[in-house]
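**Q** 3D model of this:
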Amino acid sequence: MEEQEKTKDVETLLGDPKKAILAMAIPTTIALVAQSVNNLVDAMWVSGLGRDSLAAVGIVFPLFFIIIGISNGVGIGAASAISKRIGAEDKAGADRTAAHAMVLILIASVAMMALFLAFLEPIVRLIGGGASEGTIQECLSYAYPLAVFVAVFMLVGVLSSILRSEGAAKRSMYILIIAAVINLVLDPFFIYDYGLGLGMAGAALATVLAEGVALAVIIYWYFVRKDMYLRFRFRGFRFEAPIIKDIFKVGVPAAFQMMIVSVVVIFMNMILLEANGGGDDAVAIYSSGWRLLSILMIPTMGIASGIVPVCAAAYGARRYDKVKAAYNYGIKISVAFMVVVAAVTMVFAPDILMIFTYDSGTEHLRDGMTEFLRISLLFLPFVAVGAAAESLFQALGMGTRALVSTIFRNFLLVPVCYLAMVTTSGLTYIWWGSTFSEIAGCLFVAAWAVLIIRVISREFEAERKLSGT
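**A** Residues are numbered from 1 along each chain as shown. Sure thing, here's the model as predicted:
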């Protein structure tokens, strides 16, 4: 790769690690804010349809999260592999890796669409557990459009990661903001009677259309305008085992990480449906509360997303000093953000939760949501450390370690919360069990990351001595 071939984004990616982290994290955070606000407003519009509709979003969410999990898994695997090749001055290899990622996600999209269309209703009834028939029907109305257009969501997920892999985090931000704004405009028109009046199906279709526009913009940048650093070269394309292995060793564990989260949410919904004082109300509290928590954790997720390409590029360039500097800096700013966010939200929780409980059909949930949120806020600083550690594993090609840490964190949650359900008399203990599990899991993965940092330090030192530098 000749020096003049590098874009400004690539130069930033390979430069000062602290500046690179900020250059990646700030646009990614803004994009995630836009996307999460979009999800929040989506839930707000849906809550106007009643409790059944709000509970349906919580029940369908794990299925949709599986779709996102696969696309983000392939995207994270591709981003790690691409950034390492950019750091190692191998542009041709980076281009071929990008093409592999797109072909792989198209194959996965077809398979997922066929699976969901064939078995969607029995799956929804299974994970819905004790939900009412009205809630189940709302689930199906919401889920079918998402299943039909699954390829749109999966392509946007992978291509957004590829944009970030070459340092183009601002462009990734633009397309997510475009999707969010379009969805916000279309939602009420598609949902309510003064527009198309499609109800839950309208909420899903508005999201599909918004994502479709975002996908068209990315395709324009890469295939029409052609002003990006990477090139998708499909002429004479054939699968290359080393590239697939490089993508999959991070991507497959990353996909399973997100799917594990979905499975755990399914189990949690089942626990809440059977808990004393639980039922559809408890599922609505849990799903809506986690929507808000997801927004609060956005700075952490943005920084963690920045750690992957920055540390991967530094690792590819065999610069241990940059790997360590980027990782440590990411943790410091992430924890600081989460402490402030948790403290402010603790004070204003009841007011913030008005967005979920403005309707007379959901107003009675406000006190329960406030209790859940205030207990859960305690684990946010710990999540900052855990997310950074898992991103470091992905950057170094250690996807299995990231997966193991996610399994530990999430499958600790299920037995702890189940035990709380069968041995106590209310939801409060389940919320405390969830918080304890998150904290313990994050401390585990953080300790593991310290050991990995020491290992790669010795690895780089051995290489330096062999090279005589």
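
**Q** which element follows the host helix or strand of Leu54 toward the C-terminus?
**A** Using DSSP states H and E, Leu54 falls within helix 51-87. Per DSSP H and E, the first helix or strand lying C-terminal to helix 51-87 is helix 91-128.

**Q** got the angle for that next one vs helix 51-87?
**A** 160 degrees (axes from the mean of the first three to the mean of the last three CA atoms, to 10 degrees).

**Q** list the buried ones in the helix or strand just after helix 91-128?
**A** Going down the chain from helix 91-128, the next helix or strand is helix 133-148, by DSSP H and E. Across helix 133-148, burial judged by 16 or more other CB atoms under 10 Å covers Thr135, Ile136, Glu138, Cys139, Leu140, Ser141, Tyr142, Ala143, Tyr144, Pro145, Leu146, Ala147. To be clear about C-beta, it is placed using only N, CA and C from the backbone, and glycine gets the same treatment.

**Q** ok, back up a step: quick check: angle from the helix holding Leu54 to helix 133-148?
**A** 30 degrees.

**Q** how far does helix 51-87 sit from the chain's center?
**A** Here helix 51-87 is found 5 Å from its chain centre; the criterion is CA atoms, centre = their mean, to the nearest Å.

**Q** Could you list the low-pLDDT ranges of the stretch 1-150 of the chain?
**A** 1-5, 40, 129-131 (pLDDT under 70).

**Q** cutoff 50 now
**A** 1-4 (pLDDT under 50).

**Q** before we move on, back to that, dump the buried residues of helix 133-148 to JSON lines, plus distance to Ser161.
**A** Shown next, in JSON lines, are those (distance: CB to CB, whole Å):
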{"residue": "Thr135", "distance to Ser161": "34"}
{"residue": "Ile136", "distance to Ser161": "34"}
{"residue": "Glu138", "distance to Ser161": "32"}
{"residue": "Cys139", "distance to Ser161": "29"}
{"residue": "Leu140", "distance to Ser161": "31"}
{"residue": "Ser141", "distance to Ser161": "30"}
{"residue": "Tyr142", "distance to Ser161": "26"}
{"residue": "Ala143", "distance to Ser161": "25"}
{"residue": "Tyr144", "distance to Ser161": "27"}
{"residue": "Pro145", "distance to Ser161": "24"}
{"residue": "Leu146", "distance to Ser161": "20"}
{"residue": "Ala147", "distance to Ser161": "22"}
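
**Q** now, among those residues, which is nearest to Lys91?
**A** Nearest to Lys91 out of the buried residues of helix 133-148 is Leu146 (CB to CB; 36.5 Å).

**Q** which residues touch the closest one?
**A** Val60, Leu63, Phe64, Ile67, Phe153, Ala204, Thr207, Val208 (CB atoms under 8 Å, 6 or more residues apart in numbering).

**Q** Report the two of these separated the most.
**A** So, the contacts of Leu146 by CB to CB: farthest apart are Leu63 and Val208, at 14.9 Å.

**Q** These two: which is more packed in?
**A** More crowded of Leu63 and Val208, by other CB atoms under 10 Å: Leu63, with 21 against 17.

**Q** Quick check: nearest residue in space to the more buried one, chain neighbours excluded?
**A** Ala143 (6.3 Å; CB to CB, 6 or more residues apart in numbering).

**Q** Tell me which stretches of the stretch 201-350 of the chain form helices.
**A** Assigned by DSSP state H, counting those that start in this stretch, the helices in the stretch 201-350 of the chain fall at 241-274, 280-296, 298-316, 320-352.

**Q** so can I have CSV of the ones you listed showing distance to Val37, mean neighbour count and mean pLDDT?
**A** Converted to CSV, the helices of the stretch 201-350 of the chain look like this (distance: least, CB to CB, whole Å; neighbours: other CB atoms under 10 Å; pLDDT from 0 to 100):
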stretch, distance to Val37, mean neighbour count, mean pLDDT
helix 241-274, 21, 21, 82
helix 280-296, 7, 23, 81
helix 298-316, 10, 27, 89
helix 320-352, 13, 18, 90
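
**Q** Alright, that wraps it up for me.
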